[in-house]
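Q: Could you look at this predicted model? Sequence included:
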Amino acid sequence: MYEREFAVDLRAKTCSCRRWDLCGIPCLHAIYAIFQRNEDIEDYVDKLYKKEAYLKTYGPIIRPVPSIDQWPMSCLPAIKPPKLRIQPGRPRKVRTKEPGVVEIPAPVPPNPKPPNWKPQPARL
């Protein structure tokens, strides 16, 4: 690959291209080395990509949050929004238009050139 040689260490699960180190999945060089030893590639994949890790992650049931009507009432005061802070920088000059405001473009004046007019060739 790219006319370079890479060192693969199957015991440490590393390759000098560093792709295996970064993602935990064997790179092409490591796969070739694993095939040379007639071993299974899945033995060299990081445990995070195995079926057991997937089932452990999604095994517990996550209950949906009840609607706001079913929330328990608190005796604490209501949370207020943060204070409005003027952002640094130059303020806008053009007002932002509301969704209902439509700007109609000015009519295009007729072309004053005759219909058979050709532009001069560009000069370099």
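A: Done, it's in. Residues are numbered from 1 along each chain as shown.
Q: C-alpha from now on. contacts and neighbour counts both.
A: OK.
Q: Quick check, central residue of this protein?
A: Cys23 (17.0 Å; C-alpha atoms, centre = their mean).
Q: Relative to Thr57, how far out is it?
A: Per C-alpha to C-alpha, to the nearest Å, Cys23 is found 19 Å from Thr57.
Q: Any stretches of this protein with poor pLDDT?
A: Scanning the chain for pLDDT under 70 picks out the ranges 1-3, 97, 101-103, 106, 108-109, 111, 122-124.
Q: Does Cys17 touch Arg4 like I think?
A: No. The pair Cys17 / Arg4 is not scored as a contact, 9.8 Å apart, by C-alpha atoms under 8 Å.
Q: ok, the two, which is more surrounded?
A: Cys17 (17 against 6; other C-alpha atoms under 10 Å).
Q: Let me see the contact set for that one.
A: Phe6 (C-alpha atoms under 8 Å, 6 or more residues apart in numbering).
Q: From Val45, how far off is it?
A: Cys17 is 16 Å from Val45, by C-alpha to C-alpha.
Q: Can you tell me the element Trp20 falls in?
A: helix 19-23 (DSSP states H and E).
Q: so how far is that helix off the chain centroid?
A: With C-alpha atoms, centre = their mean, to the nearest Å as the basis, helix 19-23 stands 20 Å off its chain's centre.
Q: For this structure, which segments count as helices?
A: 19-23, 28-36, 51-58 (DSSP state H).
Q: Leu10 is nearest to which of the ones you listed?
A: Among those, the nearest to Leu10 by C-alpha to C-alpha is helix 28-36 (7.3 Å).
Q: helices and strands around that closest one, which ones?
A: Helices and strands touching helix 28-36, by 3 or more C-alpha pairs under 8 Å, 6 or more residues apart in numbering; DSSP states H and E, are strand 8-9.
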